[in-house]
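> next come a sequence and a model predicted from it.
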Amino acid sequence: LPEPLAGRTVTVTDLVLVTALDRPDPGLDGPFVLPQRGLVREAADRWLRARGRPVDVACEPDGHEALLALVALGCGTGVVPRLVLEHSGVRDRIAALPADPAPEPFPIGLCVRRSDLRRPLVAALWSLTAQW
């Protein structure tokens, strides 16, 4: 992180590949529904490149819930953190797919400006994260 920022990992979650329960051709050959940008997209791109096959991207929504909704509608196979899947409103319409090798585990953390650590509420939250 840049010097003005402090970061701390609070947990790690798996990245999982998901598809609609009723999709006739569930699999890892695509098409894929991937986040438009961000750390999950970067991790998904690394995993897909390591497989050495061309990637058919069906759509690139902005958020994880939008991604899961498109997967539930049968638009393709998605990649999301397991924590997102477990708390999703459409989790009962989606199945996780086994992948070998699986995508790398995904760290979940907090980031704060170092100068804000002097603020009482920020400092209190930061001190709690040391226990996680």
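Looks like it arrived, so ask away.

> rest of the way, CA atoms for contacts and neighbours
OK.

> which residue ranges form the helices in the protein?
Per DSSP state H, the chain carries helices over the ranges 39-51, 64-72, 82-86, 120-129.

> Val16: which of the ones you listed is closest?
helix 82-86 (5.9 Å; C-alpha to C-alpha).

> now that closest one, how far from the chain's geometric center?
Relative to the chain's own centre, helix 82-86 is displaced by 8 Å; criterion: C-alpha atoms, centre = their mean, to the nearest Å.

> re the thing from before, of all the helices of the chain, which one is nearest Ala102?
Smallest distance to Ala102 across the helices of the chain (C-alpha to C-alpha): 8.0 Å, for helix 39-51.

> so what does the closest one touch, helix or strand wise?
If contacts are counted by 3 or more C-alpha pairs under 8 Å, 6 or more residues apart in numbering; DSSP states H and E, helix 39-51 sits against strand 77-81.

> what pairs with the strand it packs on, parallel or antiparallel?
Using DSSP bridges, strand 77-81 pairs in its sheet with strand 15-20 (antiparallel), strand 32-33 (parallel).

> so what's Thr129 closest to, chain neighbours aside?
In space, and not counting its chain neighbours, Thr129 is closest to Val10: 6.4 Å by C-alpha to C-alpha, 6 or more residues apart in numbering.

> need the strands paired with strand 77-81 in CSV (columns: distance to Glu42).
Listed next are the strands paired with strand 77-81 as CSV, based on distance: least, C-alpha to C-alpha, whole Å:
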stretch, distance to Glu42
strand 15-20, 12
strand 32-33, 13
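
> do you know which of those strands lies nearest Gly63?
When those are compared by C-alpha to C-alpha, strand 32-33 sits nearest Gly63, at 11.1 Å.

> rounded mean pLDDT for the closest one, please.
What strand 32-33 shows for mean pLDDT is 94.

> same check, this time on stretch 94-112
91.

> what comes up buried for it?
Ile94, Ala95, Ala96, Leu97, Pro103, Phe106 (16 or more other C-alpha atoms under 10 Å).

> quote the end-to-end distance of that stretch.
34 Å (C-alpha to C-alpha, to the nearest Å).

> what about that stretch, distance to the chain center?
Centroid displacement of stretch 94-112 relative to its chain, using C-alpha atoms, centre = their mean, is 6 Å.
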